[in-house]
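> Structure, please.
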Amino acid sequence: MSQTLKGHVALVTGSSTGLGFGIATVLGQAGAKVVMNYANNQERAERAFAQFQESGGEGILVRASAIDEGEIGSMVARAESELGGIDILVPNATPLQPLKPIEEYDWAFYQQMLDFFVKSPYLLARAVLPGMKAKGWGRIVNIASEVFQMAVSPFTAYAAAKGGQIGWTRSLSRELAPTGITVNTVNPGWIPTERHEDDPQEMKDAYFRTIPMGRWGTPEDVGQAVAYFASEEASFITGQTLCVNGGNSPW
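A predicted model of the protein is given here:
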């Protein structure tokens, strides 16, 4: 990629697997120092971090819940101490996302979706914004989903939370525009990662047939979109939503 992120520090939550790992790897290869984050499975996270370093990435690995204010504060403080202030924030951590008819959800599940996709970005932004504002530069890149545009069903809890995340992004982008901080969203399509290994093959085949480009997307595809939003080249772009799904969006 042509963009360079040297001199910047990125925090990518939920980055020991899947899309998060792809995003962290691309940002690291672009020159950013990366705070890789995980909440569970230390052994897996350490393997991922070693792979990240082997690809040329520099940074630290931090265990912290992306929905716990105290743990977020400790993670940001450690990053500031060891790497410098975080000026690229990528809220990516996610829980399991089962598709169920609305009668089979309960409010606790809806609340979990809101915690990860509205509460977490809010707490993370609150923690890093003082440093970004002091620097007069910052990038917040939320990872939402095409499900909001596609009205995927039966997926009401996830779609509602992602819609909230996109609305939060757009409002915050206008609030922060005068400060030199941009806020954008990347909406991936169905990208095959570890979490999709056990998905029914017929579902995968049906989705694949809807992709106009005729190939599966990769975590690196998502990472390249994030890196663009994080770059100087995107300094006049804020409040936008970019779908990374091979042209699958209906609008």
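> Next up, phi/psi of the residue nearest the centre of the chain, please.
The chain has residue 92 as the residue nearest its centroid, 2.9 Å off, counting by Cα atoms, centre = their mean. Main-chain torsions, residue 92, degrees, to the nearest 10: phi -130, psi -20.
> For it, list the residues it contacts.
12, 13, 14, 15, 19, 20, 23, 143 (Cβ atoms under 8 Å, 6 or more residues apart in numbering). To be clear about C-beta, it is placed using only N, CA and C from the backbone, and glycine gets the same treatment.
> What about the second one, how many residues nearby?
Neighbour count for residue 13, taken as other Cβ atoms under 10 Å: 30.
> these two touch, right, it and residue 37?
Yes - at 4.6 Å, residue 13 counts as touching residue 37 under the criterion of Cβ atoms under 8 Å.
> any idea where the helices of the stretch 51-200 of the chain begin and end?
69-82, 107-114, 120-135, 147-150, 156-176 (DSSP state H, counting those that start in this stretch).
> Between those helices, which one is closest to residue 214.
Ranking those by proximity to residue 214 (Cβ to Cβ) places helix 147-150 first, at 18.3 Å.
> does residue 20 sit in a helix, a strand or a coil?
helix (DSSP: H, G, I helix; E, B strand; the rest coil).
> Next, the contact list for it, please.
12, 13, 14, 37, 90, 92, 93, 219.
> Just to be sure, which of those residues are found in strands?
12, 37, 90 (DSSP state E).
> need these in TSV with distance to residue 207 and pLDDT, can you?
Formatted as TSV, those follow (distance: Cβ to Cβ, whole Å; pLDDT from 0 to 100):
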residue	distance to residue 207	pLDDT
12	25	98
37	28	98
90	25	98
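> of these, closest to residue 241?
residue 90 (14.9 Å).
> distance of the closest one from residue 34?
Distance of residue 90 to residue 34, computed by Cβ to Cβ, to the nearest Å: 9 Å.
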